[in-house]
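1. A structural model of the following input is requested.
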Amino acid sequence: MKHKLFLFDLDDTLLDFRASEQLSFVRTMQQLGHTGSTEALFPQYQAINLGLWREFELGTVSKDFLKVERFRKTFAASALALDAEAASQLYLESLSETVVLIEGAAQLCAQLAAVGEVGIITNGVEAIQHRRIASSGLGSYISFIATSEACGYAKPDSRFFDYTTRMARAFARHETIIVGDRLDADILGANRFGIDSCWFNPGRLLNESEARPTYEVAHLDAILPTLL
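-> Residues are numbered from 1 along each chain as shown. Sure, this is the predicted structure:
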């Protein structure tokens, strides 16, 4: 295997963020005293949250602003008199307690850690991501965690990947690969930084972007055979 440094996106690559997100959102609303259904409210929150994360990745909003604004906008859209600041805090606390692994994540990390170095690359909230990794049981396989919050730049900015690779024990471009589900953050970031990439695409979506993955898989257990 030519690759020795494996940089994994965290959410929806190793951890099922969508499952954790919904569990945490429902729990947060209950803790805030909301007794109505969250069936329509949660998709509305997701859309608002996604839009704000796109703005963060473009550098137009801060992460601290995003964490509260997503709830403020959601509550305002449904005329709910709830505290957005309190919602943000409760939600972030819950995320680290509702960790769901993508099938095959633990086995893959163990296999790759045995032949090289595994690092995490994430635009998520640093303190929460560290806690989620600890809760996931993946921590013993992971050498380092690179966050945009600590770096000051977010994926797909090349400065984030420069920061990341300096955390590794050893770095050579031809021996490094990024694995992630996001074409616009993970794969495009790899393209710009000049390293290989593997698009984790369980939904078998069409690639209509400018990003060009070196490899593409629909299941995590296909990654090791693909890279051999």
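
2. buried set for the longest helix along the chain?
-> Looking across the chain with DSSP state H, the single longest helix is helix 41-57. Neighbour counts over helix 41-57 (16 or more other CB atoms under 10 Å) mark L41, F42, Y45, Q46, I48, N49, L52, W53, F56, E57 as buried. The way it works is simple: take the backbone N, C-alpha and C, and place the C-beta from them, glycine included.

3. does the first one really touch L32, like I thought?
-> No. Using CB atoms under 8 Å, L41 is not in contact with L32; the gap is 11.6 Å.

4. show me the shaky parts of the protein.
-> Within the chain, no stretch has pLDDT under 70.

5. please enumerate the helices of it.
-> Along the chain, the segments classed as helices by DSSP H run 17-31, 41-57, 63-77, 84-95, 105-113, 126-136, 148-151, 158-165, 188-193, 223-227.

6. of all these, which one is nearest K2?
-> helix 223-227 (8.0 Å; CB to CB).

7. spit out the contact partners of the residue nearest to V68 when sequence neighbours are not counted.
-> Distances taken as CB to CB, 6 or more residues apart in numbering put S88 closest to V68, at 4.7 Å, once the chain neighbours are dropped. By CB atoms under 8 Å, 6 or more residues apart in numbering, the contact set of S88 is K67, V68, R70, F71.

8. packing partners for the longest helix of the chain?
-> Contact here means 3 or more CB pairs under 8 Å, 6 or more residues apart in numbering; DSSP states H and E; on that basis helix 41-57 packs against helix 17-31, helix 63-77.

9. so D221 sits against L108, correct?
-> Yes. Using CB under 8 Å, D221 is in contact with L108, at 7.0 Å.

10. same drill for these two, tell me which one is more crowded.
-> The neighbour count for D221 versus L108, taken as other CB atoms under 10 Å, is higher for L108 (24 against 14).

11. what's the closest non-adjacent residue to that one?
-> That would be L220: by CB to CB, 6+ apart, it lies 5.0 Å from L108.

12. G194 now?
-> Nearest residue to G194 in three dimensions, chain neighbours excluded: R173, at 5.6 Å (CB to CB, 6+ apart).
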